[in-house]
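S.K.: Build me a model:
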Amino acid sequence: MASPALAWTRPCSTCRETLVGTHGRNPTRGGWTLAGLLCALLIVDTSCVNKGFGELAHEAETACGPSLLLLPSSTDPNTDVLFNMQTRKMEEAVHIAAVSGRTLVEPSYVFGARNWTWFEDAHHNQLASNADIHQGVLGTIQEPLSSFFELDPLQHLLQRLIPSLTSHVSTCGTSLDLIVRFYGHSSIASCDPSAMDVTAWGVTWAARRVECVHAHELQTLEQLLDIFRDSQAVALEYLPPKFVEQRHTAWRASPARTRVREALSWAAPLVAEADAFINTHFAPFRNDEVGGGDAEVEDEGEVRVGGGEGGGLGHFVAVHWRRGDRGYQEEMGIHGHVDVALTAFARMVHYVQEVVSDLQMSVHGEGVRACVCACV
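M.R.: Residues are numbered from 1 along each chain as shown. You can find the predicted model right below:
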């Protein structure tokens, strides 16, 4: 690889075009200020080009290398899984890109915004056909990964830039060497290998080859990697839910997943919006002497506890009551009926009262100042 310092000897305008193209609509995303970028473009001393930024920026100036594009995972986004499951799919996409040494094109979330009043009706839960489900969908949401999470930590994990879709198309075009198309899950019964043009994310992608793969055909992630090992521009279409999780021993507690989870840092605008919400709505509970602190959070915990030194709300209890799951008891069989019983509102209130009672004795007489319930 050429010296990173030499990469900055190109004209300033040309280099900046490359970086703006790489980051699409926000060239300063990931914590690099515009002033910092301009400084880096003008200075050629190797001491000013550190390993994170210098080498990654140099990669952006080279020809397109092996890339991974995540196409929609459902034929109908209005019937696809929602945010939590799609985030787990993002985790798996990052992992696949990492182990295969590929540039991950910034993936997008896409799902139907649901009218939960409609969905929680006894006749309108997920027993309804996909056609009927559209009656309970208010519209389709499509947002890039960077709308929810900072890209910089993920780029440092991958040691590659994550180009926006616009940047990738501008730099590398819309041709794909291979589409790996999954079927046999999520009502996707068949696969047409001759369908080489795919319209997704507002772009028509043209593939040289389509490989049809049954959802249960591959027993290991390595088998998937073997399929596209010799291809440059690769796309995964209709990737099954929990694909990596079901093929990786103890995936959810594994070091590989932990590294990805630690790199998922909430986007700064979302954090600012949350802070503004807390300041506006929880002002009566604020305590400059008690408050703040780290929350002890399980991956899918039911009750979260926060508090400690440093200002903020003081000691509080946050309850996530997943009311949406309570509409699916028939599909889940006996497990669904048990879950509905275990999450009954009266039982939840009793459980929270026990937690609060225990906390009152463990927070040195300061007491619990608030109980926040997220019923989604």
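
S.K.: so where do the helices sit in this protein?
M.R.: 4-7, 12-23, 34-42, 51-61, 83-100, 116-119, 130-133, 152-158, 165-172, 221-228, 255-263, 268-281, 333-342, 345-360 (DSSP state H).

S.K.: in the fifth one, what's buried?
M.R.: By 16 or more other Cβ atoms under 10 Å, the buried positions in helix 83-100 come out as 86-98, 100. Heads up, the C-betas are built off the backbone N, CA and C, glycines and all.

S.K.: Show me which of these is closest to residue 241.
M.R.: Closest approach between the buried residues of helix 83-100 and residue 241, by Cβ to Cβ: residue 89, at 7.0 Å.

S.K.: List the contacts of the closest one.
M.R.: 70, 73, 81, 239, 241 (Cβ atoms under 8 Å, 6 or more residues apart in numbering).

S.K.: Could you identify the buried members of those?
M.R.: So, of the contacts of residue 89, 70, 73, 239, 241 end up buried under the neighbour-count rule (16+ other Cβ under 10 Å).

S.K.: pLDDT weak spots in the stretch 1-150 of the chain?
M.R.: Filtered on pLDDT under 70, the stretch 1-150 of the chain yields the residue ranges 1-63, 120-128, 130.

S.K.: typo on my end, it should be the stretch 201-350 of the chain
M.R.: Those would be 283-314, 322-337, 339, if you go by pLDDT under 70 across the stretch 201-350 of the chain.

S.K.: rerun at 90
M.R.: 241, 274-350 (pLDDT under 90).

S.K.: Residue 110 contacts residue 141, doesn't it?
M.R.: Yes - using Cβ atoms under 8 Å, residue 110 makes contact with residue 141 at a distance of 6.8 Å.

S.K.: residues near residue 358, how many?
M.R.: 11 (other Cβ atoms under 10 Å).

S.K.: Also residue 347?
M.R.: Residue 347: 11 neighbours (other Cβ under 10 Å).

S.K.: Over to residue 251?
M.R.: Number of residues near residue 251 (other Cβ under 10 Å) recorded here: 18.

S.K.: now residue 204
M.R.: For residue 204, using other Cβ under 10 Å, the count is 9.

S.K.: Perfect, that will be all.
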